[in-house]
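Visitor: After the sequence you'll find the predicted model.
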Amino acid sequence: MNTCQMSRRRFGIALAALAGTVVAGCGQAAETAAEPGSMTASVPGQATAMTVYRDPSCGCCEAWAEIARKAGFAVTVVDRPDMAAVKRQHGVPDALRSCHTAVVAGYAIEGHVPLAQVERLLATRPAGLRGIAVAGMPRGSPGMEMPDGSADPFEVIAFDKAGRTTRFDSQGS
């Protein structure tokens, strides 16, 4: 497959992988793919692994995981009745917590984050970020679509290891 035929996501991953090779080739140690901020990525053409931790009683988490699969991620869903412990382990600030926590390439993805923003995070790997989140469960967010099409505005918020937050993107009205 040539570059023109690659999806934007795979092209971004290919560029990130190339950048990691260049960095490593300049005598600098490349970070591992599991570390946020890494310049390495999965092999182009292969799905990026994502683990979605969810409370066994929550159905919208499965809907979000299916959207991630359709976006090209290799998703594994893990039922965890101790979701508060999962969120603490991955540094999700209390104010940003939602129903599920995904982990991809060392980043925490909390709640109903649009997959385009996950892909943007993985393509750009902003320095110092631990993850991104959509707090709560806003109507109309991925996995929370309403039959009548209603939607609440929401923001995608980035958070760092110290729990500091910044706006990553806004959705809705």
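Guide: Received it, and whenever you're ready, just let me know what you need. Numbering: from 1, shown residues only.

Visitor: Check what pLDDT Ala127 gets.
Guide: What the model reports as pLDDT for Ala127 is 84.

Visitor: Mind checking what secondary structure it has?
Guide: Under DSSP: H, G, I helix; E, B strand; the rest coil, the three-state class of Ala127 is coil.

Visitor: cool, Val92 as well?
Guide: Under three-state DSSP, Val92 comes out as coil.

Visitor: From Gly149, how far out is the closest residue to it other than its chain neighbours?
Guide: Spatial nearest neighbour of Val92, chain neighbours left out: Glu110 (4.9 Å); criterion: Cβ to Cβ, 6 or more residues apart in numbering. To be clear about C-beta, it is placed using only N, CA and C from the backbone, and glycine gets the same treatment. Glu110 is 25 Å from Gly149, where distance means Cβ to Cβ, to the nearest Å.

Visitor: And those two? Which one has more around it.
Guide: Glu110 (25 against 8; other Cβ atoms under 10 Å).

Visitor: Surely that one forms part of a strand?
Guide: Yes. Counting by three-state DSSP, Glu110 is found in a strand.

Visitor: all strands of the chain, in order?
Guide: Under the criterion DSSP state E, the chain carries strands at the ranges 49-54, 74-79, 100-104, 107-111, 129-134, 154-160, 165-171.

Visitor: Make a markdown table out of these and add distance to Val118.
Guide: Output for these, formatted as a markdown table (distance: least, Cβ to Cβ, whole Å):
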| stretch | distance to Val118 |
| --- | --- |
| strand 49-54 | 8 |
| strand 74-79 | 11 |
| strand 100-104 | 7 |
| strand 107-111 | 6 |
| strand 129-134 | 7 |
| strand 154-160 | 9 |
| strand 165-171 | 10 |
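
Visitor: do you know which of those lies nearest Pro142?
Guide: The stretch from those with the least distance to Pro142 (Cβ to Cβ) is strand 129-134; that distance is 8.5 Å.

Visitor: got the CA coordinates for that closest one in CSV?
Guide: The C-alpha trace of strand 129-134 is given here as CSV (Å, rounded to 0.1, in the frame of the first residue of the first chain):
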residue,chain,number,x,y,z
LEU,A,129,0.3,14.3,29.0
ARG,A,130,-0.9,11.2,30.9
GLY,A,131,-4.2,11.1,29.0
ILE,A,132,-7.4,12.7,27.8
ALA,A,133,-11.0,12.5,29.1
VAL,A,134,-14.6,13.4,28.6
